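**Q** Below: sequence and its predicted model.
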Amino acid sequence: MSDAAVDLGRVIPVATDASPPHHSATVRITHWTTAICFIALLVSGIEIIFSHPRFYWGENGNVLMPPLFSFPVPSSRSTVPTGYGYVLTDQNGWSRYLHFEAAWALVLCGVLYVLVGVFSGHFRNHLFPARQIAADSYNSLQRLTYLVVIFALFPLMVWTGLAMSPAFVSVLPATVTLLGGRQTARTLHFLVSVSLVAFLLIHVTMVWRAGFKTRVTAMITGHTPGSPHE
């Protein structure tokens, strides 16, 4: 909205309302909720890996089978051969509970973000490739990366996670059979996790180089420092 001032016969628009938020409330809330959930999933996921730091391909996997790959770290279970003469304290209980709770919180947050993004035009205006891109907007490579993360990596993460759930698979067996087995699902789940961690590191680096205070403030308040809202 703007009023008009007359100056020597010319109509000059005069802004009366502050500029729109750099990030909507939904984007900001889902962004930080996702960040918290991802950290919880990362910490609990690492603890879960320590219970069996070996990965397989197919339906079955156990200590008598050669792994597809493994990590040279001690296990929290004495039955898992890792080459160490000791085992770590078993943290499998709380880590699995936290992983489960954080995963569902992330799923609900993601569903909300996608629904609002579709109906509000967020994806169309800010993420889908455009011929002309504003200077303060994402460039084409950034837009493509975010789309891959939102519509490919996160859905695959959810799918592979559900494929490891006996209760869910008992209802929808195709969840795991389409992937080729529970061990394949676990391995893919780990590889997608690594991809998301790599994205997170690159994302934080880009935010830092673009102006950490400015970018983080915009994601917290919805506006950049020095805007009319401050």
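**A** Okay, I see it. Numbers count the residues shown, from 1 in each chain.

**Q** if you average pLDDT over stretch 63-76, what comes out?
**A** Here stretch 63-76 scores 93 as its mean pLDDT.

**Q** Of all the residues in that stretch, which ones are buried?
**A** Across stretch 63-76, burial judged by 16 or more other C-beta atoms under 10 Å covers 67, 70, 74-76. C-beta coordinates here come from the backbone N, C-alpha and C atoms, glycine included.

**Q** Where do the strands of the chain begin and end?
**A** For the chain, the strands defined by DSSP state E cover 2-7, 10-15, 54-55, 69-70.

**Q** Can you show me the helices along the chain?
**A** With DSSP state H, the ranges of helices along the chain come out as 25-51, 92-120, 122, 140-148, 154-163, 166-171, 174-177, 182-221.

**Q** out of the ones you listed, nearest to F128?
**A** Proximity to F128, assessed across the helices of the chain by C-beta to C-beta, is greatest for helix 140-148 (6.9 Å).

**Q** when you compare where the closest one runs with where helix 154-163 runs, what's the angle?
**A** 20 degrees (axes from the mean of the first three to the mean of the last three C-alpha atoms, to 10 degrees).

**Q** distance between helix 140-148 and the chain's centre?
**A** 13 Å (C-alpha atoms, centre = their mean, to the nearest Å).

**Q** angle of it against helix 182-221?
**A** 120 degrees.

**Q** what is the mean pLDDT for helix 140-148?
**A** 83.

**Q** who does that helix touch, helix- and strand-wise?
**A** For helix 140-148, there is no helix or strand it packs on, judged by 3 or more C-beta pairs under 8 Å, 6 or more residues apart in numbering; DSSP states H and E.

**Q** quick one: the residue lying closest to L41 once chain neighbours are set aside from H52, how far?
**A** Excluding the flanking residues, the one nearest L41 by C-beta to C-beta, 6 or more residues apart in numbering is A102, at 4.9 Å. Distance, A102 to H52, using C-beta to C-beta, to the nearest Å: 20 Å.

**Q** and what of F154?
**A** Using C-beta to C-beta, which is the criterion applied here, F154 is 25 Å from H52.

**Q** likewise T30?
**A** In terms of C-beta to C-beta, T30 sits 33 Å off from H52.

**Q** Now do the same contact list for M65.
**A** By C-beta atoms under 8 Å, 6 or more residues apart in numbering, the residues touching M65 are Y56.

**Q** no no, P67
**A** Counting by C-beta under 8 Å, 6+ apart, P67 touches 54-56, 61.

**Q** and which of these is nearest to P81?
**A** R54 (8.7 Å).

**Q** quick one: that closest one and V80 touch, right?
**A** Yes. Using C-beta atoms under 8 Å, R54 is in contact with V80, at 7.0 Å.

**Q** For these two, list the residues in contact with both.
**A** In contact with both R54 and V80: V63, using C-beta under 8 Å, 6+ apart.

**Q** any low-confidence regions in this protein?
**A** 1-21, 129-139, 224-230 (pLDDT under 70).
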